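K.L.:
Kindly generate the corresponding structure for this input.
(one chain, ligands or ions: 2)
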Amino acid sequence: PGGFLEIITGPMFAGKTTELIKRVERQAFAKRKVALFKPAIDTRYSAEEVVAHNGLSYGAYVVPTNEEGVELIREITLKEGLEVIGIDEVQFFPMKIVEVLNGLADEGVYVIASGLNLDFKGDPFPVTKELLVRADNIVYLTAVCTVCGRPATRSQRLIDGKPAPRNSPVIQVGGRESYEARCREHHIVPEG
Ligand code: ADP
Ligand code: MG
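P.N.:
Ligands and ions are numbered 1, 2, ... in the order given. Below is the predicted model:
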């Protein structure tokens, strides 16, 4: 009873990881059995913790970004009797995570997943999209546009300080050196 699917989304630097940690921590204070999961691909700051751009961190299970990794999230949650689970960078997992997280919520787990809304081209991440329409609550966060200071909804990919062209690969884990938060007007995707 009390299962719930909550999705935190927005561009890079919007505070998604900070918000995820905050929500999971609050549930821990409320004496719920909680755990955080993160994809093994995201080792930007730490291999065993979820770390936000502002330095906030929380211990996490690190799972591979394949179907076995998704199954592992399900198994650990059931075996440990977790009441609340947080998943960071959920867009890096295969589509199977959608049915697994939705199913865990059906089984009474409070699932909080944080994921990018759009890739650097401005196209939706399919996993985030599918989770959003199944969510019981959506937390849509914006960052600050690095050009004009207005709310940013998009992630600008930069290569040597210049906008990355449309034909560069979608998944390229990086931080402040290769991505900036941008509003619609200042988000640029050159052809080629
Ligand atoms: P996300 O998980 O969405 O990438 P984090 O929670 O890791 O975001 O980091 C959010 C933090 O990033 C902010 O609290 C702020 O300190 C920092 N930050 C850096 N650049 C920006 C920006 N352009 N807009 C907003 N916050 C930024
Ligand atoms: Mg994050």
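K.L.:
distance of the residue nearest to residue 124 when sequence neighbours are not counted from residue 11?
P.N.:
Closest residue to residue 124 apart from its sequence neighbours, by C-beta to C-beta, 6 or more residues apart in numbering: residue 118 at 5.9 Å. In this view, the C-beta of every residue, glycine as well, is placed from N, C-alpha and C. Distance from residue 118 to residue 11, counting by C-beta to C-beta, to the nearest Å: 7 Å.
K.L.:
again with residue 32
P.N.:
Residue 32 is 30 Å from residue 11, by C-beta to C-beta.
K.L.:
May I see the buried residues of the host helix or strand of residue 72?
P.N.:
Under the criterion of DSSP states H and E, residue 72 resides in helix 67-79. Neighbour-count burial for helix 67-79 flags 69-70, 72-74, 77 (criterion: 16 or more other C-beta atoms under 10 Å).
K.L.:
And the contacts of it?
P.N.:
35, 37, 39-40, 61, 63-64, 82, 85, 87, 93-94, 96-97, 100-101, 103-104, 109 (C-beta atoms under 8 Å, 6 or more residues apart in numbering).
K.L.:
hang on, the earlier thing: there's contact between the residue nearest to residue 124 and residue 10 in this structure, I believe.
P.N.:
No. Residue 118 lies out of contact with residue 10 (C-beta atoms under 8 Å); the separation is 9.4 Å.
K.L.:
Report the set of residues contacting both of the two.
P.N.:
In contact with both residue 118 and residue 10: residue 153, using C-beta under 8 Å, 6+ apart.
K.L.:
The two: which has the busier surroundings?
P.N.:
residue 10 (26 against 19; other C-beta atoms under 10 Å).
K.L.:
Distance check, the nearest residue to that one once chain neighbours are set aside against residue 98.
P.N.:
Among residues not flanking residue 10 along the chain, residue 141 sits closest, at 3.8 Å (C-beta to C-beta, 6+ apart). Residue 141 sits 21 Å away from residue 98 when distances are taken as C-beta to C-beta.
K.L.:
next one: residue 154
P.N.:
Residue 154 is 23 Å from residue 98, by C-beta to C-beta.
K.L.:
Between those two, which is the more surrounded one?
P.N.:
residue 154 (26 against 22).
K.L.:
Regarding the closest residue to that one other than its chain neighbours, what is its secondary structure?
P.N.:
Nearest residue to residue 154 in three dimensions, chain neighbours excluded: residue 187, at 4.0 Å (C-beta to C-beta, 6+ apart). Following DSSP: H, G, I helix; E, B strand; the rest coil, residue 187 is assigned to coil.
K.L.:
What parts of the protein come near ligand 1?
P.N.:
Proximity of the chain to ligand 1, by C-beta under 6 Å from any ligand atom, involves residues 12-18, 52-54, 143-144, 146, 181.
K.L.:
May I see the buried residues of stretch 23-39?
P.N.:
Buried-residue list, stretch 23-39, by 16+ other C-beta under 10 Å: 23-24, 27, 34-39.
K.L.:
cool, and stretch 124-134?
P.N.:
125, 127-132.
K.L.:
next one: stretch 141-149
P.N.:
141-147.
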